[in-house]
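Trainee: here is a sequence with its predicted model. Questions after.
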There are 2 protein chains.
Amino acid sequence: MITISKNNRQIIHDILKCLPIFSDLFDEQLNKISAICKIQDFQKNDTIFLEGDYYKGFFIIIEGSIKIFKISVDGKESILHLLKPYESFGDVPLFEGAKYPVNAQALNDASLIFIPKEEFITLIKSNSTICFNMLVGFAKKMRHLTQKVEELSSKEVMNRFAGYLLDEINKAGTDKLPEPFLRITISKKNIAAYIGTITDTLSRLLKKLQDEKIIRVSGKSIFILDLKKLKALAR
Amino acid sequence: MITISKNNRQIIHDILKCLPIFSDLFDEQLNKISAICKIQDFQKNDTIFLEGDYYKGFFIIIEGSIKIFKISVDGKESILHLLKPYESFGDVPLFEGAKYPVNAQALNDASLIFIPKEEFITLIKSNSTICFNMLVGFAKKMRHLTQKVEELSSKEVMNRFAGYLLDEINKAGTDKLPEPFLRITISKKNIAAYIGTITDTLSRLLKKLQDEKIIRVSGKSIFILDLKKLKALAR
DNA sequence: AACATCCTTTGACTTAAGTCGGATTTGTCA
DNA sequence: TGACAAATCCGACTTAAGTCAAAGGATGTT
C-alpha cells in the first residue's frame, strides 16, 4: 500500500477527475473526496474482501481487473462481475446491509482507490451530482445482472458461451474485422464460473465450436471464423 | 385512469409522503413531485409496458402487485421481480438506455403512480435526498438479483423452491408459528417462472414435498410441517 | 533442471429436469 | 347450469450437462 503524501494527494485528485462517478464535480468537491480516500495496491490472486467481512467501504479500479463472486455451500463459485478500470465495486452495502455480500479478488496486479464508508456517506448526502453518477453506475450493473438472470434461466450453456464470446470481441474492438478475435486473459475456470458452468463442460464447448469451424484457437487467442453462426448460437 | 383534480393532488401528496423513495423531503419538495406525477389504474393482467417500448418514465406501486419479466427468443418467461406496494419499477432506464429493458404486468388490479422521465431527472439532479433514497432502492434490487444469479448458477430447482417458500412465510409473518404457512396468490406458472423452471417440474416438487411430509397443501394455502427439513433443502 | 502444483482435456457414466401427449381439474362467463 | 378455456398434473421419454477418474500440459519455485 502506498503511503499518502502531499504529492500523492495531487495524483489521487487527478485520477478522481477521470472517474465517471466523480465527473462534473468542482475542484473543491474533488479535494474533499481525495482527502478521505487511499490508494491500495494488490497482487494477482489477492483477496480484497470476503463475503461476510465487516463493511468498511468501497473501491474503484485504477488498474487491473477484479472478480466479484459468490461461493455456494457446496463450494461452487459463481462470478457475478468481471470488472475493469474506472468501475467501482463493493458500493451496494453503502446503502444496504453492514457486511460485504460477495467476495472480491484481484485477477492480476491491481491498483485501487479505497473510499471509507462513513466519510463518504456524509459527503454524498448533500451532493446530488455524485449520487446521480452512482445511480448511473448502479443502473449499468442492474442491467448486467438482469441479463445474467434471464440467460441463466432460459438459455443453455452453449448460448451463454456464444454470448460471452460476442461480448468479448466487442470489448476488444475486433468485431468489425474479417476475422474477429479475443485474447483469453483469465483462466478457463473463471470463464466457466462466469457463464455458469464448469471447466469440463467449457472444454467440450470449445471443442465443438472448433469441430464445426465456428472458431479457431491459437494459443491464448480465439478467432471467430463464422460470426453469423456464432450470433445464431447466442440467439 | 383517474383525472387529476386539486383534491386528487392532495391525495397524491399524502401518498408520496409515505414512500421510501420520497422520505425525508420537505413539503415544498413533495409538492414539486406531486405536480408532475399521475395516478394510473390497471386491471389484472394489464400490460404496463413491454420490453423495447420507448421509455417514458417509471412507476411506484400504491396497490396491487406487479411482475417484471423477460421473454426469451423461444418464448420462455423468466420473472425478475415480483413487486408489492411502495416499491418502484422501470427506474433503471432513467439512467441507462432509452427503452424499457423488461416487461411489466399487473398481477391483480393495481394503482400506480407514474412519474415522467424528463421532469423527474431535472428535479433530482439537484436533490440529493431523492437520489440517496433511490440508491437505497437500487441497492436492494441489486442484492435480490445477485442472489438470483447465485441460486440459478449453483443450486438445483428444489433448493430454489425451498428458498422461495421460506421467503414467502417470512413475508407473510407466519415463520414463528408452530405451523408456518403461506397463501398462493399467483399462478403456479408465475411461481415456476420466478424460480427458473416450468409448471410441470414445480408440480412434481410440490408432490415430492408432500410425500415427504415437509409441507401440507390445503386449497390455496401451503403449510410447512417440517421447517427444519425445508431449511436444509434451501441450504 | 526437477519438482510440485495447478490447469485443462477427455471418456464413461449418471441424473436432474425439460419435452411431449394426454387426462383432470378449475375458473369464467354467457 | 353448461361448456369452453385455462391451469394443473402425471407418466413416458429424452437430453443437456454435471460427476468422477485419469491423463496430459503448463507454470512457477527452489
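Mentor: Cool, the structure landed.
Trainee: just give the closest residue to the closest residue to chain B within chain A, not the sequence neighbours.
Mentor: Among the residues of chain A, A:C131 lies closest to chain B, at 3.4 Å counting by Cβ to the nearest Cβ. For every residue, glycine as well, the C-beta is placed using N, CA and C. For A:C131, ignoring the flanking residues on the chain, the nearest one in space by Cβ to Cβ, 6 or more residues apart in numbering or on different chains is B:C131 at 3.4 Å.
Trainee: distance of that neighbour from A:I130?
Mentor: Remark: distance between B:C131 and A:I130 (Cβ to Cβ, to the nearest Å) = 9 Å.
Trainee: if I read this right, A:F114 contacts A:F49, doesn't it?
Mentor: No: the pair A:F114 and A:F49 fails to qualify as a contact (Cβ atoms under 8 Å) at a distance of 10.4 Å.
Trainee: and the pLDDT for the residue nearest the centre of chain A?
Mentor: Taking Cα atoms, centre = their mean, the centroid of chain A lies closest to A:L83, which sits 1.5 Å from it. pLDDT, A:L83: 95.
Trainee: what residues are up against it?
Mentor: Going by Cβ atoms under 8 Å, 6 or more residues apart in numbering or on different chains, A:L83 touches A:61, A:65-68, A:89.
Trainee: so where's chain A shaky on pLDDT?
Mentor: A:1-7 (pLDDT under 70).
Trainee: what number of residues lie near the residue of chain A closest to chain B?
Mentor: Other residues lying near A:C131 total 23 when counted by other Cβ atoms under 10 Å in any protein chain shown.
Trainee: what about it, distance to B:V136?
Mentor: Where B:V136 is concerned, A:C131 sits at a distance of 11 Å (Cβ to Cβ).
Trainee: name the nearest residue to A:L135, sequence neighbours excluded.
Mentor: Looking at A:L135 with Cβ to Cβ, 6+ apart, the closest residue is B:F95, at 5.0 Å.
Trainee: quick one, phi/psi of the one you found?
Mentor: With angles defined as degrees, to the nearest 10, B:F95 shows backbone torsions of phi -120, psi -10.
Trainee: got the domain ranges for chain A?
Mentor: A:6-144, A:155-234 (automatic domain parsing).
Trainee: for chain A, which segments are assigned as strands?
Mentor: Here chain A has its strands, by DSSP state E, at A:38-42, A:47-49, A:57-63, A:66-71, A:77-83, A:88-89, A:103-106, A:110-116, A:181-183, A:215-218, A:221-224.
Trainee: wait, A:L50 touches A:Y100, no?
Mentor: Yes: applying Cβ under 8 Å, one finds A:L50 in contact with A:Y100, separated by 6.8 Å.
Trainee: looking at the two, which one has more neighbours?
Mentor: The residue with more neighbours, out of A:L50 and A:Y100, is A:Y100; 22 against 13, by other Cβ under 10 Å.
Trainee: measure A:K141 to A:K70 for me?
Mentor: When distances are taken as Cβ to Cβ, A:K141 and A:K70 turn out to be 15 Å apart.
Trainee: before we move on, what about A:M134?
Mentor: With the distance defined as Cβ to Cβ, A:M134 ends up 23 Å from A:K70.
Trainee: how many neighbours does A:K56 have?
Mentor: What A:K56 shows, counting by other Cβ under 10 Å, is a neighbour count of 14.
Trainee: what residues does chain A have near DNA strand D?
Mentor: Chain A has residues A:76, A:156-158, A:196-198, A:200-201 near DNA strand D, with proximity defined as Cβ under 7 Å from any atom of the strand.
Trainee: pipe those into JSON lines and attach distance to chain B and neighbour count per row.
Mentor: Supplementary listing: the residues of chain A next to DNA strand D in JSON lines, determined by distance: Cβ to the nearest Cβ, whole Å; neighbours: other Cβ atoms under 10 Å in any protein chain shown:
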{"residue": "A:K76", "distance to chain B": "4", "neighbour count": "15"}
{"residue": "A:E156", "distance to chain B": "10", "neighbour count": "12"}
{"residue": "A:V157", "distance to chain B": "11", "neighbour count": "18"}
{"residue": "A:M158", "distance to chain B": "14", "neighbour count": "18"}
{"residue": "A:G196", "distance to chain B": "4", "neighbour count": "22"}
{"residue": "A:T197", "distance to chain B": "8", "neighbour count": "20"}
{"residue": "A:I198", "distance to chain B": "10", "neighbour count": "14"}
{"residue": "A:D200", "distance to chain B": "15", "neighbour count": "9"}
{"residue": "A:T201", "distance to chain B": "12", "neighbour count": "15"}
